[in-house]
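Novice: After the sequence you'll find the predicted model.
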Amino acid sequence: MHKYSPVFPAATQIIIIALCASHFLVGCMTASAAAGQRAADSRKPVIIDTDVGSDFDDSVAIMLALQNDELDVKLIVTATNDTTARARIVAKYLLATNRTDVPIGIGLAVNNCRQTLFSWADDISLDSYQKDHGGVVHEDGVQSMYDVIKASAVPVTIVAIAPATNFPALLKRYPDAVHRASVVAMSGSLYRGYGNSSQPAAEYNVWQCAVCSRQMYTAGWALTTTPLDTCGVARMYADSFDLVLGGLGPYSTILLASWIRWCSESGSSACSLAPLITDVFYDAVAVTLATSQGAKFMDIEARKVVVTDDGHTVISESGTEIQAALNWHEGGTGLSAFQMWLGGQLAKNSASSLP
């Protein structure tokens, strides 16, 4: 099959080549020192539950979480399809950013379908990642989720940015997890659908396993979501994406390298428009909601929601009450502010800004 080859503007190509060739090793060596300077005890412990390797928004969300000063990423657990292949992608990101201190959990595999970015990490051996680089990989990702939750002195936030296929096993094996954790999820569609349509849709993470999502919604823990109403319009434009292109650090370098590969494999039309516009970064909004910035950018309101068998999230008096980010604030404090903030976050820990 003919593969789509994105056409990047000349200036963008020059910047990306410089990033990937000149700053990769320098950035990797300095990132660890910067991470060590963070005040870990004041940060919120989080678990990232991700289907990284399909759409690119998971990659953006992981990089955002790893760099955010408010979040302490205790575990990244993979979900759906070939979860071991997804773990190799996570390992490649952690190696490049010198963050092998973050454990990886291999979640429940659904099938072995190859996804867009899988081949990018085919050169990663999880055995070597552990033996030669000091990384930690847990074969039972659900068990590792509970181990983090149980060991934490404060409640853990699970940032769910994948179909909820790991949640039924977690809740069945460890029902007390609902008293020790909360969930922030990219999930559902309440008033608006894909493309900012006025017609709500069966959002992907929900309809992929509606039964799983229903269990996540009704478990009894605090649940906050960014439905398509807010995350569905979370693109980046030139003014914010230029911050990432100019970051020259380990996070932006590996992110852009994987983005180029994702574009060549996915055929996304948004890639040919970069840096004027990006694809939708749905999952980055969920990570943002896990920080104090979420309430600064979005209106978060209580709604009672039912998950239907066909994957819709319907507002109903008989539903479970959740907190949902329904709208971006108007004016300069909403979506545009988020876009600039996201660009700045992804460009953090650049070689030029580190001591």
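Specialist: On my side now, so go ahead.

Novice: which stretches of the stretch 51-200 of the chain form helices?
Specialist: In the stretch 51-200 of the chain, the helices defined using DSSP state H, counting those that start in this stretch lie at 57-67, 83-96, 126-131, 141-151, 167-173, 177-180.

Novice: Please identify the most buried of those helices.
Specialist: Highest mean neighbour count of these: helix 57-67, a mean of 25 (counted as mean count of other C-beta atoms under 10 Å). Backbone N, C-alpha and C define where each C-beta goes, glycine included.

Novice: Now do that one and helix 83-96, the angle between them.
Specialist: 40 degrees (axes from the mean of the first three to the mean of the last three C-alpha atoms, to 10 degrees).

Novice: Point out the other helices and strands that helix 57-67 packs with.
Specialist: Counting contacts by 3 or more C-beta pairs under 8 Å, 6 or more residues apart in numbering; DSSP states H and E, helix 57-67 packs against strand 44-50, strand 71-78, helix 83-96, strand 156-161, helix 250-266, helix 282-289, helix 335-346.

Novice: so A121 touches I89, yeah?
Specialist: Yes - the pair A121 / I89 is scored as a contact, 4.4 Å apart, by C-beta atoms under 8 Å.

Novice: where does the stretch 251-355 of the chain have low pLDDT?
Specialist: 350-355 (pLDDT under 70).

Novice: related to what we said a few turns ago, got the helices and strands packed on helix 57-67 as a markdown table, with distance to K304 columns?
Specialist: Listed next are the helices and strands packed on helix 57-67 as a markdown table, based on distance: least, C-beta to C-beta, whole Å:
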| stretch | distance to K304 |
| --- | --- |
| strand 44-50 | 24 |
| strand 71-78 | 29 |
| helix 83-96 | 33 |
| strand 156-161 | 19 |
| helix 250-266 | 37 |
| helix 282-289 | 19 |
| helix 335-346 | 26 |
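
Novice: Which one of the ones you listed lies nearest to S318?
Specialist: strand 156-161 (23.2 Å; C-beta to C-beta).

Novice: tell me the angle of that closest one relative to helix 141-151?
Specialist: Using the same axes, to 10 degrees, strand 156-161 lies at 150 degrees relative to helix 141-151.

Novice: Of all the helices and strands packed on helix 57-67, which one comes closest to D147?
Specialist: strand 71-78 (8.4 Å).

Novice: Could you export the closest one as CSV, CA atoms only?
Specialist: Extracted C-alpha coordinates of strand 71-78, given in CSV (Å, rounded to 0.1, in the frame of the first residue of the first chain):
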residue,chain,number,x,y,z
LEU,A,71,2.4,15.7,38.5
ASP,A,72,4.5,12.8,39.7
VAL,A,73,4.1,10.0,37.2
LYS,A,74,4.3,6.8,39.2
LEU,A,75,3.4,4.4,36.4
ILE,A,76,2.5,4.3,32.7
VAL,A,77,0.3,1.3,31.9
THR,A,78,-0.6,0.3,28.4
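
Novice: Which elements pack onto that strand?
Specialist: So strand 71-78, by 3+ C-beta pairs under 8 Å, 6+ apart, packs with strand 44-50, helix 57-67, helix 83-96, strand 104-105, helix 141-151.

Novice: Outside of it itself, list whatever touches it.
Specialist: 40, 43-52, 62, 65-66, 84, 86-87, 90, 94, 102-107, 138, 141-142, 144-145, 148, 152, 156, 162, 166, 287, 290-291 (C-beta atoms under 8 Å, 6 or more residues apart in numbering).

Novice: Equivalent analysis for stretch 322-333, please.
Specialist: Contacts to stretch 322-333, defined as C-beta under 8 Å, 6+ apart, come from residues 188, 190-191, 217, 222-227, 229-231, 233, 285, 289, 294, 296-305, 334-335, 337-338.
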